[in-house]
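1. This is a predicted model, with the sequence first.
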Amino acid sequence: MKSLQALMDSKPDFVDYLYNDTISQYHKSRTGLFATLIAPEYTNWKDEQRAWRESAVLFDQSHHMPVLTVKGPDARKLLEYLSPCSFANLSTNRGKQYIAYTERGHHVGDCVLHYYGERDGFELISGMPVLNWIRFHGETGGYDVEIGFEPTTPYTKDGKRQKYRFEIEGPNARAILDEVCEGGFPEIKFFHTDYVTIAGCRVHVLRHGMAGHAGAEISGPYADMDRVRDAIMAAGEKYGILRSGTRTYYSTPLENAWIPYPLPGIYTGEENRAYREWLPADSWEANMQLGGSLYSKNIEDYYWTPSALGYEKLVKFDHDFIGRDAIEAGLKGPRRVKRVLEWNREDVMRVLRSQFEDGPLYKSIEMPTAYWGWPQADEILSGGGARVGMSQYCGYNINERSLLSLCGIDEEHATPGTEVLLTWGEVGGGSRKPHVERHEQTQIRARVCEAPYSKVAREKLRAVI
């Protein structure tokens, strides 16, 4: 079996295959080698979650994100054509959230983009589906580009990276950066970049925010990693800084409302056949791991649009790009929008009680993150029982004392305060995925809320839009 297309052709029901028989590369790497590189918890996930709201926290992003570099005479032309993002404001001192779509306007993926000038070109960080999409078009589209690819650490030959990456967050982040950066921390606008010196090392800084506060993502040569991290932790000790383990890190989307790794919309359409034939049968896309209560024979029911992901503000019609006509039409018509669901506490307690009582046993709710698919899709129903949306990412946030999930929901049901029903658990008592126990489905009431859910995060977001 050589390609994704050949794999799909060999399966009578490809949705059933993704739902029952795959274990995602993300799941394999996260539960395997990552545990030897970054601890699941350095203190405990509850205190680490509190730290990003009350003091400061240091996230280690050095190992789980693939990186693509693109340079050459046609680098900008390629990247601009593949994305609805505008390149009119491209500069070496600002980052960009980069998104890409198919001809039919279905989301492929997103990542962070840095531009280092004509000689060094572009660096695109995280998001395997969008990185693969770029590689395919760069290799097959007749572009004069040079492309480099670095996989996540578990898939590298020597277990090392070109760069380390850290994120420092929390109300005390600025004070720590001011102290640890030689000459103080410069004034940098949101999603702009600069260079600072920490412990004698040159460090690239992106003003960023993941957990409700406008923190900073910093990176530099991998050889400098320990020296820079140790300097930050020493400077942050009096400010209450904690290191974040992976359990805490993967719960951050619940507060900042970024929906990670939606199913890429590349499995349908004859126009995407060449891409599916280019993707290998062991690719990330061939091992997506569907889970949750939404089970549809139509794989397009799992696809996403810009508005459902909250990306309509990133779409600019100042250039030609793949999917332009479909996206323009979709933004005008009935659409889904991004919201956060606050789960009803009584219904959550009923699910938890089922683990200790006779009677129906419902799918366990793990904390701090409660998803078991990658991606996980749970159906959202109106009071009348109609499917009105898809919930993707769920878990517990101690700062809000709530179980939350992120969703795309039909606009007519998206008014904050609207009550909807979320179906919890998988069809037929659970899939064949080995980490999913036998259980019964149930429904959990949920209240539609603004995205981000955190008032702190919303205020920071509004300040930069």
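-> Now that the structure is in, tell me what you want to look at.
2. Around the residue lying closest to Arg94 once chain neighbours are set aside, how many other residues sit close by?
-> Excluding its sequence neighbours, the residue lying closest to Arg94 (C-beta to C-beta, 6 or more residues apart in numbering) is His192, at 4.6 Å. To be clear about C-beta, it is placed using only N, CA and C from the backbone, and glycine gets the same treatment. His192 is flanked by 16 other residues according to other C-beta atoms under 10 Å.
3. For His192, give its distance to Lys313.
-> His192 sits 17 Å away from Lys313, going by C-beta to C-beta, to the nearest Å.
4. Who are the contact partners of the residue nearest in space to the middle of the chain?
-> When C-alpha atoms, centre = their mean is applied to the chain, the residue found nearest the centroid is Pro260 (2.3 Å). If a contact means C-beta atoms under 8 Å, 6 or more residues apart in numbering, then Pro260 has Pro253, Tyr393 as its contacts.
5. Trp278 too?
-> Ser3, Phe136, Glu139, Thr140.
6. mind listing what the closest residue to Val436 other than its chain neighbours touches?
-> Of all residues not flanking Val436 in the chain, Gly430 sits nearest, at 4.8 Å (C-beta to C-beta, 6+ apart). Residues in contact with Gly430 (C-beta under 8 Å, 6+ apart) are Lys363, Val436, Glu437, Arg438, His439.
7. Show me which of those residues are buried.
-> Buried by 16 or more other C-beta atoms under 10 Å: Lys363, Val436, His439, out of these.
8. Tell me the one among these nearest to Glu270.
-> Closest approach between the buried ones among the contacts of Gly430 and Glu270, by C-beta to C-beta: Val436, at 34.0 Å.
9. Of the buried ones among the contacts of Gly430, just say which sits nearest to Glu103.
-> Val436 (34.6 Å).
10. Kindly confirm my reading that that closest one is in a helix.
-> No - read with DSSP: H, G, I helix; E, B strand; the rest coil, Val436 is coil and lies in no helix.
11. And it, how close does it get to Gln289?
-> Distance from Val436 to Gln289, by C-beta to C-beta: 10 Å.
12. mind listing the strands for the stretch 301-450 of the chain?
-> 336-343, 378-381, 387-397, 402-410, 419-424, 442-449 (DSSP state E, counting those that start in this stretch).
13. Show me what the shortest one is packed against.
-> Other elements packing on strand 378-381 under the criterion 3 or more C-beta pairs under 8 Å, 6 or more residues apart in numbering; DSSP states H and E are strand 387-397, strand 402-410, strand 419-424.
14. now it, how far from the centre of its chain.
-> Remark: strand 378-381 is offset 20 Å from the chain centroid, using C-alpha atoms, centre = their mean, to the nearest Å.
15. same thing with the longest one?
-> On the basis of C-alpha atoms, centre = their mean, strand 387-397 sits 14 Å off its chain's mean C-alpha point.
16. in whichever strand or helix holds Met233, what counts as buried?
-> Assigned by DSSP states H and E, Met233 falls within helix 225-236. Applying a neighbour-count criterion of 16+ other C-beta under 10 Å, the buried positions in helix 225-236 are Met225, Val228, Arg229, Ala231, Ile232, Ala235, Gly236.
17. Nearest to Pro280, out of the strands of the stretch 301-450 of the chain?
-> Nearest of the strands of the stretch 301-450 of the chain (C-beta to C-beta): strand 387-397, 25.9 Å.
18. Can you read off the pLDDT for Glu217?
-> As predicted, Glu217 sits at a pLDDT of 96.
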